[in-house]
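Student: below are the sequence and a predicted model for it; my questions follow.
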Amino acid sequence: MNGDELREALRPPDDIESLDPARVIAGAHRRRKRGTAAGGAAVAAVLAVVAVGVIADSRPSGSPAVERPTPSISTPKATRTTPQGPNVPALVAQCKAELRAHDLALGPTAAKQAILSTADGTLMVVADGKNWTACDTGYRQVGHPVEMSVRNPGPIRRPAITNADAFAVANNLVTKAGKSFDYYWAAGLLPSGVTTVSYSFPGGSTVDAVVEGKYWLMHHWVPMAGAESTASSERVEVRLLGPGGAVLKKFKLQPGLQTCEQISHGC
Amino acid sequence: MQRSESRDEDFTAFVLARSPRLVHLARMLCGDAGLAEDLVQTALEKAYLRWDRIELGDPFAYVRQAVVNQHLSWIRRRPWRERPSGSTSELDEQFGLSLRGRTAADPSTGVERRLAITEALATLTRRERAVVVLRYVEDLTEVQTAAALGVALGTVKSVNSRALQKLRVAPELNGSYVGEQS
């Protein structure tokens, strides 16, 4: 048996039935509605926590500051890890487990190198002496079972300033607080001479990556307009900035190839 | 309203025409007929919410990518049933390889051969299986496979080579698979 025979053997049989389009469309509407309902419940829970906090005249112990996805197109404030922030050792362990689940691994010395955390998710770079990866919890959402996404490990090597692939973004649809968002995340190593990476998204919002050591991290939620998404020919733009904010390089990501839509793990 | 109706009509036509192939792809990826339909259903639901944008490009490639991604995201929760050990009829049901009419529809390849290959496929790791499925079910090039999986071309080459080597010695195939020499 050769490759052609393998192709033939794996050829789709003729008797697989189509899925029911009406069921798919109804499921899509339920998906949106479910997000709305779950988001409402989350808001109620948040309000309850806030109320308790106000009554007790103190912040809930161990709770991170409540920060909802920005409902406007303005750039959300990215916050670094705080003492009340994520449990880093647990996240590193989870990241390693996620790698194993994908038949991937870093060395035993792998540890956190950089982190970007908001109330809506934590993005973290983990590396050993040779390779790095990034793990993200931003795709996690109410009612959704995915807890963490992980990108393929790569060698610890600064990319060329012209290497647009090094700035590809993972993109997926998430629903939070009853609103739908295009969620983007990416991380990587800074090219030589670059001090930060700035992304501009369809709709007009712009966010600068957080830089920690030689790594940068970015996550961002862009509200989707209306009940249904709208066609957009806009492309994600990346600007590599040098000292003083000088633009050293600017390029637009290729849809599909460098903007991995519906991808939850790293692009 | 007319735009919405037209949109639904286009989407409906797409689902009717392309979902069988997507379900087959998903079955080969995850090895579970029910989960495969869930994967495709989920990918299509998400695609519907973005249909205006998607239909401007290549909707099938988009949804196929979504199925692969969804599979990779789901694997922790619902792992592939490694090495299915059921009887032929159970495998037949699991992979939807209906015996009825199969021989007539596919005279060049016997049912047992297909089942043996499917069993052998189940012995691969998820990543190896994804590469084999995209290369040999979807007939993607190595470059396209690398793009679809978000990995380097060299990774696809090495994973594919390793997967084919495993298939060559798979007991399910009695060493009959020679494969393409790389």
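Tutor: Sure, I can see it.
Student: dump the residue contacts of the closest residue to residue B:157 other than its chain neighbours.
Tutor: Excluding its sequence neighbours, the residue lying closest to residue B:157 (Cβ to Cβ, 6 or more residues apart in numbering or on different chains) is residue B:142, at 6.2 Å. Every residue, glycine included, has its C-beta placed from N, CA and C. Going by Cβ atoms under 8 Å, 6 or more residues apart in numbering or on different chains, residue B:142 touches B:135, B:153, B:156-157, B:160.
Student: from residue B:159, how far off is residue B:142?
Tutor: 10 Å (Cβ to Cβ, to the nearest Å).
Student: name the helix or strand of chain A that has the lowest mean pLDDT.
Tutor: helix A:21-55 (a mean of 55; mean pLDDT, DSSP states H and E).
Student: show the subsequent helix or strand relative to it.
Tutor: Using DSSP states H and E, the helix or strand that follows helix A:21-55 in sequence is helix A:88-101.
Student: dump that next one to PDB, restricted to CA.
Tutor: Below are the C-alpha coordinates for helix A:88-101, written out as PDB (Å, rounded to 0.1, in the frame of the first residue of the first chain):
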ATOM      1  CA  VAL A  88       1.300  31.500  39.000                       C
ATOM      2  CA  PRO A  89       2.600  28.100  40.100                       C
ATOM      3  CA  ALA A  90      -0.800  26.600  39.400                       C
ATOM      4  CA  LEU A  91      -1.000  28.200  36.000                       C
ATOM      5  CA  VAL A  92       2.500  27.000  35.100                       C
ATOM      6  CA  ALA A  93       1.500  23.500  36.100                       C
ATOM      7  CA  GLN A  94      -1.600  23.700  34.100                       C
ATOM      8  CA  CYS A  95       0.400  25.000  31.200                       C
ATOM      9  CA  LYS A  96       2.700  22.000  31.300                       C
ATOM     10  CA  ALA A  97      -0.200  19.700  31.500                       C
ATOM     11  CA  GLU A  98      -1.800  21.300  28.500                       C
ATOM     12  CA  LEU A  99       1.400  20.900  26.600                       C
ATOM     13  CA  ARG A 100       1.500  17.200  27.500                       C
ATOM     14  CA  ALA A 101      -2.100  16.800  26.300                       C
END
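Student: just checking, what packs against that helix?
Tutor: strand A:111-118, strand A:121-127, strand A:131-136, strand A:149-150 (3 or more Cβ pairs under 8 Å, 6 or more residues apart in numbering or on different chains; DSSP states H and E).
Student: now the angle from it to strand A:131-136?
Tutor: Relative orientation of helix A:88-101 versus strand A:131-136 (axes from the mean of the first three to the mean of the last three Cα atoms, to 10 degrees): 110 degrees.
Student: got the buried residues for helix A:88-101?
Tutor: Going by neighbour count (16 or more other Cβ atoms under 10 Å in any protein chain shown), the buried part of helix A:88-101 is A:88, A:91-92, A:94-96, A:98-99, A:101.
Student: could you do stretch A:152-168 as well?
Tutor: So, applying 16+ other Cβ under 10 Å, buried residues of stretch A:152-168: A:152-154, A:159, A:161, A:164, A:166-168.
Student: quick one: is it near chain B?
Tutor: Yes: among the residues of stretch A:152-168, residue A:152 lie within reach of chain B under Cβ under 8 Å from any Cβ of the partner chain.
Student: got the end-to-end distance for that stretch?
Tutor: End-to-end span of stretch A:152-168 (Cα to Cα, to the nearest Å): 13 Å.
Student: pLDDT of that stretch, averaged?
Tutor: Regarding stretch A:152-168, the rounded mean pLDDT is 91.
Student: can you list the residues that contact that stretch?
Tutor: Residues from elsewhere that reach stretch A:152-168, judged by Cβ under 8 Å, 6+ apart: A:99, A:104-106, A:127, A:129-133, A:186, A:188-194, A:197, A:214, A:238, A:240, A:248-249, A:251, A:253-254, A:257-260, A:265-267, B:150-151, B:155.
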